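Trainee: Dropping the sequence and predicted coords here.
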Amino acid sequence: QQQVKQSPQSLIVQKGGISIINCAYENTAFDYFPWYQQFPGKGPALLIAIRPDVSEKKEGRFTISFNKSAKQFSLHIMDSQPGDSATYFCAAVTGGFKTIFGAGTRLFVKA
Amino acid sequence: ETGVTQSPTHLIKTRGQQVTLRCSSQSGHNTVSWYQQALGQGPQFIFQYYREEENGRGNFPPRFSGLQFPNYSSELNVNALELDDSALYLCASSQRQHNEQFFGPGTRLTVL
């Protein structure tokens, strides 16, 4: 019940294309859903986050879509660039502190 | 504004030894969380500290313990190291009222 399932495990996208990463959760107590970007040798960095009372949030080229009834949320990266090549993690937070991460998606954007 | 820093960067220990990892919070942050990230996996929540007390814990045994100091810096201690403890240990700081966490670069621990 505490798991966050993330797919795909890896993704290859052409430059300028749309990258889509999906996550699903079970625990309805989760109340905050962030996405993190991690480069090799670095800690995760917060990209964008959403609360379950909102269905979509957009920040620049990054958009989160949230489906509360289906307990699913996704990250869309528009106009993907080679510099976006990194590992992306979805996460879910409960109680204001306990963060459960997905297993990660390795994104490679081909120039 | 100083970000989250961790020390050391890398560490090699042998099975059965003890290790202490250190974290300095971002300025203005009063809460510190520790995570273990095995190779190719997502970070796993170990515990969180607020006001020098453990505020919540993930599924980790008692040989994982921590401290938070009055300046909000923190230590993670692991006793009786096992081979499976080899991982990247991440520290994240935040303000108590906010969910947004800022991660440090991590400490790479190798247990031989």
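Mentor: Received the coordinates, thanks. Quantities reported herein were computed from a predicted structural model and do not represent experimental measurements. Residues are numbered from 1 along each chain as shown, chains lettered A, B, ... in the order given.
Trainee: All the strands of chain A, residue numbers only.
Mentor: A:4-7, A:10-14, A:19-25, A:33-38, A:45-50, A:56-59, A:62-67, A:72-77, A:86-94, A:98-101, A:105-110 (DSSP state E).
Trainee: what's the lowest-mean-pLDDT helix or strand in chain A packed up against?
Mentor: Using mean pLDDT, DSSP states H and E, strand A:98-101 stands out as the lowest-scoring helix or strand of chain A, at a mean of 90. Counting contacts by 3 or more CB pairs under 8 Å, 6 or more residues apart in numbering or on different chains; DSSP states H and E, strand A:98-101 packs against strand A:86-94, strand B:31-37, strand B:44-50. Just so you know, the C-beta spots here come from the backbone N, C-alpha and C atoms, and that holds for glycine as well.
Trainee: Mean pLDDT per helix and strand in chain B: which one sits at the bottom?
Mentor: strand B:53-57 (a mean of 90).
Trainee: Next, the angle strand A:86-94 makes with that one.
Mentor: Going by axes from the mean of the first three to the mean of the last three CA atoms, to 10 degrees, strand B:53-57 is angled at 100 degrees with respect to strand A:86-94.
Trainee: For strand B:53-57, which helices and strands make contact with it?
Mentor: In terms of contacts (3+ CB pairs under 8 Å, 6+ apart), strand B:53-57 is packed against strand B:44-50.
Trainee: Alongside chain A, which residues does chain B contribute?
Mentor: B:4, B:31, B:33, B:35, B:40-45, B:48, B:55-56, B:58, B:90, B:92, B:99-106 (CB under 8 Å from any CB of the partner chain).
Trainee: Mark which of the residues you listed are buried, thanks.
Mentor: B:4, B:31, B:33, B:35, B:42-45, B:48, B:55-56, B:58, B:90, B:92, B:99, B:101-106 (16 or more other CB atoms under 10 Å in any protein chain shown).
Trainee: Was I right to think A:Trp35 contacts A:Pro44?
Mentor: No. Counting by CB atoms under 8 Å, A:Trp35 stays clear of A:Pro44, with 9.5 Å between them.
Trainee: More neighbours: the two, which one.
Mentor: More crowded of A:Trp35 and A:Pro44, by other CB atoms under 10 Å in any protein chain shown: A:Pro44, with 28 against 23.
Trainee: residues touching the nearest residue to that one once chain neighbours are set aside, list them.
Mentor: Computed as CB to CB, 6 or more residues apart in numbering or on different chains, the closest residue to A:Pro44 that is not its neighbour in sequence is A:Tyr36, at 3.7 Å. Contacts for A:Tyr36 (CB atoms under 8 Å, 6 or more residues apart in numbering or on different chains) come out as A:Pro44, A:Ala45, A:Leu46, A:Leu47, A:Tyr88, A:Phe89, A:Ala91, A:Phe101, B:Phe103.
Trainee: Quick one, grab the pLDDT at the most centrally placed residue in chain B.
Mentor: Centroid-nearest residue in chain B, with CA atoms, centre = their mean: B:Trp34, separated by 3.3 Å. Note on B:Trp34: pLDDT of 97.
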